[in-house]
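Trainee: need a 3D model of the following:
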Amino acid sequence: MAAPTTVWGLRRSVLAPYFILNFLIIAAALSLLAFAAISIGRSAIERNVKAQMESVAALKEQQIHEWITHLSHTSAWISGNPQIRSGALVLTGGQVTPEQRQEISSFLRDEFQRAINLGDIVHIALMDLSGNILVATDPGWEGQNRASQPYFTAGKLRLSVSDVFQSALLGQPAIVISSPILNSSGATSAVMALYADLDDLTIIMTERSGLAETAETFITNSDRILITQLINYPGKVFETEIIGEGITRAVNGETGVELYKDYRGEPVIGAYRWIPAYRLALVAKIDQAVAFSPVRDLRNLVILVAGGLFAAVLISGLWSVRRTTRSLSGLAAYAVRVGAGDFSAVISTEGENEVALVARNIKAMVDRLHQIQNELEDLYNAAPCGYHSLDAEGYFTRINDTELRWLGYRREDMLGVKRFPELLAAESIETFKQNFPRFKESGAVKDLEFDMIRRDGSILPVLLSATAIKNNRGEYLSSRSTVIDYTDKKRSRLELETANRSLAAANAELEAFSYSVSHDLRAPLRSIDGFSQALLDDYNSSLDDTGRDYLNRVRAATQRMGHLIDDMLSLSRVTRTEFKLETVDLTSLGFEITNELAAAEPGREVAISIAPNTTASGDRHLLRVLLHNLLENAWKFTRKTPDARIEFGRAFTDEGVVYSVIDNGAGFDMKYADKLFSPFQRLHSVAEFPGTGVGLAIARRVVSRHHGRIWAEAEPGKGAAVYFTLGINEGGQANGEPLDAAAG
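Mentor: Next up, the predicted model:
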């Protein structure tokens, strides 16, 4: 009697070949599915991670460019600062006493330190045209010569950014932003050098940007010397040479994203690029072990599930094999669709069998890939600037939400429908036609100004920067553009132009009014005064005393009116006269004016005290008007004072230099001090002290044009003191000292 067939005896059963065949088929199918899923998943992850690394590298390059652009703007701002420029011109312009040089150097050193305190800069140096350091934040640098340095040679011609180089002054690598300081004729008189804080580059590079823990970005110079701190390696900045495939390709001028081994010998996915403008190599990378961890998990899970399925097939038979085969076929189809980029594909994850488990894990992996893609898309769409891409014909192929919101269009109204020139105003179309051929040739354009037409017909002023995409033959294929809303800056520029035109019109009206006052009002006054004098001369015998008194009063009134008109015109001229900056000897002016006053009244005895060696930077004519009015006032109001005394002096205070005119004359009540500098306001009667009340108003306007302030202190019967300062004048010089002393 034959022994019954057992599970172990299945191989002797007629069904054994079918079971074995189905087992082998399913095993092969599962293996193929696992391989396909892992390969497709790996390929999808690799594409997305490569895109992410490229985006991170591009972002870091943009941040480096923005940082250096910021430093360039800072250099232009510092070298164009009126006070710094004036002090530099004095140091390089001729005879300067040691005391003046020390004072100017101290002032410039303080200004440089204030700029350094704002961040991004560690040192500033000012050099003459021979390369000698005149002033530096580190006094130990002063006197050294940098004429052989490329940044000095370039800085004499234009604003320039150096390569990263080993600075002998700093004792470490540095980036120097140099710029010329121009004199009034536009020629270079000195060179300003700003030493950038390279720690800022490390901050830019080590900012995570949403990357995984093992991901890092860093830069080196052309010799592969590390410039920014690494996360995964304790190499010293500025001393460690980085050896790796990515950095080697970047230093060789290549740009790309590959799978390779990094400086640790670890396999990574890395983007590398050479930044020729600054001769820097940039790498953004992530360990392959981290990037492909979902694939590894999937592989392990597939192996586990396959073993269970194999056992189930042996037990469940042909029906189970057919059912499993159908499920696996659907899973393979899903994997293929996802691998082709179709994330809308649907897969059933219901059930508790092994195939369902594989489906859920693949679905989880696909969902994670889709999430990563959406996160990158969100970053693109939520950017504060506009982004768009154009094909070779100028049609939009991609555009972010920011630019769509600005323009008022829907995405479906733009992609493949609108060409970029169709959204430009007429003048901007001409700008596009002029620049587009050069753009295709050069491959890049920066900050082109366009007026784009919104959907509602309104204008959107923008600044556009773009990069061309070309094939291996150098043929133009497409472009990627960054768009910045220029509305507020353009509006401010137009408002400034309008304000300047209004100011010019107001000045023209003021000129016409002055002409009218000078000619139309003076003529009747001359006639009244002349005919009154004629009556007194020709008909004197026919007039009684009352008549002659009336005519004398008429003459006196017309002459006062004439003086009033003169003072009105003087007040107007103070505001309109051309401002000519020079060093003015106030001591000499003081003696000149008091001598004139004494000559006009030779009988008076007044003790005059003029501070010696008193100078200031300003307009000589206006400063003479200022001193004349103040000294004349003091002369007038001491007329009734025995032992009259007038002093002109200066004092150095925290506010700067304070000048003063002090007398021991009539004085005034301080409760009326607020009226003192207003036109036609008098605190004494004409009979007591003649005048029109315009002199101190003129003095205030002169001080105002020198950006200073003026005030008075007095006590009735005990004299008065008028104080004034001369601040930043219209030539840009910090006042309180002459040009050759560089006040500060």
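Trainee: and the gap between residue 64 and residue 408?
Mentor: Relative to residue 408, residue 64 is positioned 34 Å away (C-beta to C-beta, to the nearest Å). From N, CA and C alone the C-beta is placed, and that goes for glycine too.
Trainee: tell me how the chain divides into domains.
Mentor: 10-45+294-375, 81-197, 201-291, 382-483, 492-575, 580-741 (automatic domain parsing).
Trainee: span of the second one from start to end?
Mentor: Domain 81-197 stretches 21 Å from its first residue to its last (C-alpha to C-alpha, to the nearest Å).
Trainee: next one: it to chain centre, how far?
Mentor: 21 Å (C-alpha atoms, centre = their mean, to the nearest Å).
Trainee: could you list everything residue 216 pairs with in the sheet?
Mentor: residue 285 (DSSP bridges).
Trainee: for residue 98, see how far away it is.
Mentor: The value you get for residue 216 to residue 98, if C-beta to C-beta is used, is 53 Å.
Trainee: higher neighbour count, these two?
Mentor: Between residue 216 and residue 98, residue 216 has the larger neighbour count (other C-beta atoms under 10 Å), namely 24 against 7.
Trainee: surely the more buried one and residue 230 touch.
Mentor: Yes: using C-beta atoms under 8 Å, residue 216 makes contact with residue 230 at a distance of 6.3 Å.
Trainee: just send the domains of the chain back as CSV, with distance to residue 71 and mean pLDDT too.
Mentor: As requested, those are arranged in CSV below (distance: least, C-beta to C-beta, whole Å; pLDDT from 0 to 100):
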stretch, distance to residue 71, mean pLDDT
domain 10-45+294-375, 32, 70
domain 81-197, 5, 88
domain 201-291, 11, 82
domain 382-483, 17, 93
domain 492-575, 24, 68
domain 580-741, 23, 81
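Trainee: closest one to residue 72 among those domains?
Mentor: domain 81-197 (5.8 Å; C-beta to C-beta).
Trainee: now the helices: where do they sit in the stretch 401-550 of the chain?
Mentor: 401-407, 426-442, 487-516, 522-538, 545-576 (DSSP state H, counting those that start in this stretch).
Trainee: and residue 157, which of the three is it?
Mentor: Secondary structure for residue 157, judged by DSSP: H, G, I helix; E, B strand; the rest coil, is coil.
Trainee: likewise residue 44?
Mentor: Criterion first, three-state DSSP; result for residue 44: helix.
Trainee: excluding chain neighbours, what is closest to it?
Mentor: Nearest residue to residue 44 in three dimensions, chain neighbours excluded: residue 369, at 5.4 Å (C-beta to C-beta, 6 or more residues apart in numbering).
Trainee: doesn't that neighbour lie inside a strand?
Mentor: No: Residue 369: not assigned to a strand; according to three-state DSSP it is helix.
Trainee: measure stretch 601-610 end to end?
Mentor: Span of stretch 601-610 from end to end, C-alpha to C-alpha: 19 Å.
Trainee: list the buried residues in that stretch.
Mentor: Of the residues in stretch 601-610, those buried by neighbour count under the rule 16 or more other C-beta atoms under 10 Å are 606, 608, 610.
Trainee: how distant is that stretch from the center of its chain?
Mentor: 58 Å.
Trainee: over to stretch 708-724?
Mentor: Counting by C-alpha atoms, centre = their mean, stretch 708-724 comes out at 44 Å from the chain centroid.
Trainee: repeat that for stretch 635-650.
Mentor: 54 Å.
Trainee: show me what it is in contact with.
Mentor: Under the criterion C-beta atoms under 8 Å, 6 or more residues apart in numbering, residues 586, 590, 594, 597, 601, 604-611, 614, 627, 631, 634, 657-667, 684, 689-691, 719-720 lie in contact with stretch 635-650.
Trainee: quote the end-to-end distance of that stretch.
Mentor: Length of stretch 635-650, first residue to last, C-alpha to C-alpha: 19 Å.
Trainee: leaving out chain neighbours, which residue sits closest to residue 287?
Mentor: That would be residue 214: by C-beta to C-beta, 6+ apart, it lies 4.2 Å from residue 287.
Trainee: ok, residue 353 to residue 706 distance?
Mentor: Counting by C-beta to C-beta - residue 353 and residue 706 are separated by 92 Å.
Trainee: which of these two has more neighbours?
Mentor: Higher neighbour count among residue 353 and residue 706: residue 706, with 26 against 16, using other C-beta under 10 Å.
Trainee: may I ask you to confirm that the more buried one is in contact with residue 726?
Mentor: Yes: between residue 706 and residue 726 there is a contact at 4.4 Å, judged by C-beta under 8 Å.
Trainee: the stretch 1-150 of the chain: helices as residue ranges?
Mentor: 16-80, 82-92, 98-117, 150-155.
Trainee: looking at the ones you listed, which one is packed in the most?
Mentor: The highest mean neighbour count among the helices of the stretch 1-150 of the chain, using mean count of other C-beta atoms under 10 Å, belongs to helix 82-92: a mean of 22.
Trainee: ramachandran angles for the residue lying closest to residue 483 once chain neighbours are set aside?
Mentor: Excluding the flanking residues, the one nearest residue 483 by C-beta to C-beta, 6+ apart is residue 386, at 3.4 Å. Backbone torsions of residue 386, given as degrees, to the nearest 10, read phi -90, psi 140.
Trainee: one step back: could you check how far the residue nearest to residue 44 is from residue 398?
Mentor: Residue 369 is 20 Å from residue 398, by C-beta to C-beta.
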